[in-house]
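**Q** quick one, structure for this:
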Amino acid sequence: MSGQIRVLVVDDSSLVRKVITDILESDPLIKVVGTAENGEAAVTMAGRLDPDVITMDIEMPVLDGLTALRRIIAEKPRPVIMMSVFTQHGAEETFKALEFGAVDFVPKPSSMLSLSTGEIGEQLRSKVKSVYQSRVAPLDRSTFREARREAHAGAKQRAEAPPRVFDQSSSSPRIVAIGTSTGGPAALMHVFSNFPEHFPSPILVVQHMPEGFTRAFAERLDAISPLKVKEAEDMDPVVPGGGYIAPGDSHISIELKNKRKYVRVFKGDKVSGHRPSIDVLFGSMASVVGKDTIAVIMTGMGRDGAEGIVRIREAGGRTIAQDEGSSIVFGMNRVAVEKGAVHDIVPLSEIPKKIVEYI
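**A** Next comes the predicted model:
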């Protein structure tokens, strides 16, 4: 067992525990060291077995997955991958888990018997291996709580509003494009919740995320951000202060038509192994927006976005990469840095500030 990644599998269904165990142990680098049927057992076994990675169901008896996650992260932070169902409630709970410190999630239908084990197996094994030895700590949820209060109460009602960088008349020709993968949802929540009021540029985002979750994720970002965020639809006009999230299983690009810019949403083949692909978005930004592009490549496994960000730098745009220390997986951003395509390498906490500087 030396050298293997030790995993604890948590789910209230014995069938699901068996399926996940078989999926994981089909890779010789992974060993399931224990299974737990509820959150209480998971907390106990995490302390006793000290696994490298935990897969965690959300809805369970005795103690639910969210509460168990918070206790595990508080006692000894370690990578936890949530198993999430394709429902609105499931998506909402998943994004709460990411705020509490989960590193990523894998979609799970209501019955795993209806799921292609090949498809989920590849995702799950890849994510377990990519988050192994990740730096994990719970995010400061006060950031999100404050952002939600402001979103509901309105900026004018804040008792002590900080100085605004922009006002309602601010405008900028710059357009921001962000690409991220593993660890990205929580990182994006941090970035979007820290933009200033009246942000004068549009932001287009490719987050590797399954179909069925991106709409709920866009709604989550909209609730915590001063931007107006939505899941992108084909021919959405690109407007200042708008945020456009690539739908799961669809590419997005930017197009100039009659002197106006629009988001295009389309299927097409996978590019750099993904749909949506960061390289597709970045490539279109280099061609259409050129020197007015601000490109940000963040945490994630693989190399998607690295070629596209090279094109953006060559076109005169500004480029930013999340640094290794704040990344769950220093993969895509590492490749971009190694290619010499990045102007600024900054921690997650500095990304909103750096974008504002370039705006």
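**Q** so Thr299 touches Gly325, yeah?
**A** No - assessed by CB atoms under 8 Å, Thr299 is found out of contact with Gly325, at 10.9 Å. Quick note: C-beta positions are derived from backbone N, CA and C, even for glycine.
**Q** who has more neighbours, these two?
**A** For the pair Thr299 and Gly325, the greater number of neighbours falls to Thr299 (29 against 9), based on other CB atoms under 10 Å.
**Q** what residues are up against that one?
**A** Each residue near Thr299 by CB atoms under 8 Å, 6 or more residues apart in numbering is listed here: 180-184, 187, 322, 326-333.
**Q** now Ile345: how far from Ile355?
**A** Separation of Ile345 from Ile355 (CB to CB, to the nearest Å): 14 Å.
**Q** these two - which one has more neighbours?
**A** Ile355 (24 against 17).
**Q** I'd say that one and Val296 touch.
**A** Yes - with contact defined as CB under 8 Å, Ile355 reaches Val296; the gap is 6.8 Å.
**Q** anything in contact with each of those two?
**A** 176, 320.
**Q** all helices for the stretch 201-350 of the chain, in order.
**A** Using DSSP state H, counting those that start in this stretch, the helices of the stretch 201-350 of the chain run over 214-224, 278-288, 306-314, 332-338.
**Q** which residues does His251 contact?
**A** 265-268, 271, 275-277, 280-281.
**Q** pull out the buried members of those residues.
**A** Buried subset of those (neighbour count, 16 or more other CB atoms under 10 Å): 265, 271, 275-277, 280-281.
**Q** quick one: which of these sit in strands?
**A** Residues of the buried ones among the contacts of His251 located in strands (DSSP state E): Val265.
**Q** with respect to Pro247, which of the buried ones among the contacts of His251 is nearest?
**A** Val265 (6.3 Å; CB to CB).
**Q** surely that closest one meets Ile254?
**A** No - between Val265 and Ile254 there is no contact, the gap being 11.1 Å when judged by CB under 8 Å.
**Q** and His190, what element?
**A** Element membership for His190 (DSSP states H and E) is helix 184-193.
**Q** what does Val356 give?
**A** Per DSSP H and E: helix 351-358 holds Val356.
**Q** any idea which helix or strand comes after the one helix or strand Gly34 maps to?
**A** Element membership of Gly34 [criterion: DSSP H and E] is strand 30-36. Sequence-wise, the next helix or strand downstream of strand 30-36 (DSSP H and E) is helix 39-49.
**Q** what sits up against that next one?
**A** Residues from elsewhere that reach helix 39-49, judged by CB under 8 Å, 6+ apart: 6, 8, 10, 33-34, 36, 51, 54, 56, 60, 62-65, 67-68, 71-72, 75-76, 78.
**Q** can you list the strands that whatever helix or strand comes next after it pairs with?
**A** Using DSSP H and E, the helix or strand that follows helix 39-49 in sequence is strand 53-57. When pairs are called by DSSP bridges, strand 53-57 turns out to pair with strand 5-10 (parallel), strand 80-84 (parallel).
**Q** may I see the ones you listed organised as TSV, with mean neighbour count and distance to Ile312 added?
**A** Shown next, in TSV, are the strands paired with strand 53-57 (neighbours: other CB atoms under 10 Å; distance: least, CB to CB, whole Å):
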stretch	mean neighbour count	distance to Ile312
strand 5-10	24	35
strand 80-84	26	31
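**Q** which of those strands has the lowest mean pLDDT?
**A** Mean pLDDT per stretch puts strand 80-84 lowest among the strands paired with strand 53-57, at a mean of 92.
**Q** give the residue farthest from the middle of this structure.
**A** Each residue of the chain has a distance to the centre, and by CA atoms, centre = their mean the biggest one is for Asn258: 33.4 Å.
**Q** quick check: that one vs Ala286, distance?
**A** 21 Å.
**Q** what do you get for Ser272?
**A** Distance from Ser272 to Ala286, by CB to CB: 15 Å.
**Q** more crowded one of these two?
**A** Ala286 (23 against 17).
**Q** double-check that Leu69 belongs to a helix.
**A** Yes - Leu69: assigned to a helix according to DSSP: H, G, I helix; E, B strand; the rest coil.
**Q** tell me, how many residues neighbour it?
**A** Neighbours of Leu69 (other CB under 10 Å): 26.
**Q** any idea which of the helices of the stretch 201-350 of the chain scores lowest on pLDDT?
**A** With a mean of 93, helix 214-224 has the lowest mean pLDDT of these.
**Q** centre of the chain to that helix, how far?
**A** Centroid displacement of helix 214-224 relative to its chain, using CA atoms, centre = their mean, to the nearest Å, is 12 Å.
**Q** what angle separates it from helix 184-193?
**A** 30 degrees (axes from the mean of the first three to the mean of the last three CA atoms, to 10 degrees).
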